[in-house]
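**Q** Structure for this input, please:
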Amino acid sequence: MNKQNKNKYFDKEEERLIKFWESVDLPEQAYEEEIKKYAKIFKDARKKTEQISIRINKQDLLRLKARAMEEGVPYQSLITSIIHKYTKGKLKAI
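**A** Numbering: from 1, shown residues only. Okay, here's the model as predicted:
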């Protein structure tokens, strides 16, 4: 996967965090401590999400799954990213 495709669905803050964590070279113990610290943060952040159920055209879902595979992300994450960008005004309806 090339870098251009990798960041296609991330906003600037997400790209900054990805770039930072890719550049970090921590000792093993510090790395484990960081993982525990951020695992708790992400677990707490996940509590702020809400599960929904939607009906979607089967062909659209298959295309979404294919695009997600091309990008190397889970299809649910791709859907969430699309919704997030749309609600922030970074993605326009056609």
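**Q** Skipping its backbone neighbours, what lies nearest the residue nearest in space to the middle of the chain in space?
**A** With distances taken as Cα atoms, centre = their mean, the residue of the chain nearest its centroid is Ser77 (5.2 Å). Here the nearest residue to Ser77 in space, its sequence neighbours aside, is Ala68; by Cβ to Cβ, 6 or more residues apart in numbering that works out to 7.4 Å. Bear in mind the C-beta positions are built from the backbone N, C-alpha and C, glycine included.
**Q** Need the three-state assignment for that neighbour.
**A** In terms of secondary structure, Ala68 is helix; the call rests on DSSP: H, G, I helix; E, B strand; the rest coil.
**Q** can I assume it is in contact with Leu78?
**A** Yes: contact criterion Cβ atoms under 8 Å: Ala68 and Leu78 qualify, at 4.3 Å.
**Q** The helix or strand where Leu78 lies - contacts with which helices or strands?
**A** Taking DSSP states H and E as the definition, Leu78 sits inside helix 75-87. Counting by 3 or more Cβ pairs under 8 Å, 6 or more residues apart in numbering; DSSP states H and E, the packing neighbours recorded for helix 75-87 are helix 58-71.
**Q** For this protein, which helix or strand comes out least confident on mean pLDDT?
**A** Within the chain, judged by mean pLDDT, DSSP states H and E, the helix or strand with the poorest mean is helix 3-6; its value is a mean of 50.
**Q** what's the following helix or strand after that helix?
**A** helix 12-23.
**Q** Pull the distance from that following helix to the chain's centre.
**A** Going by Cα atoms, centre = their mean, to the nearest Å, the spacing between the C-alpha centre of helix 12-23 and its chain's C-alpha centre is 12 Å.
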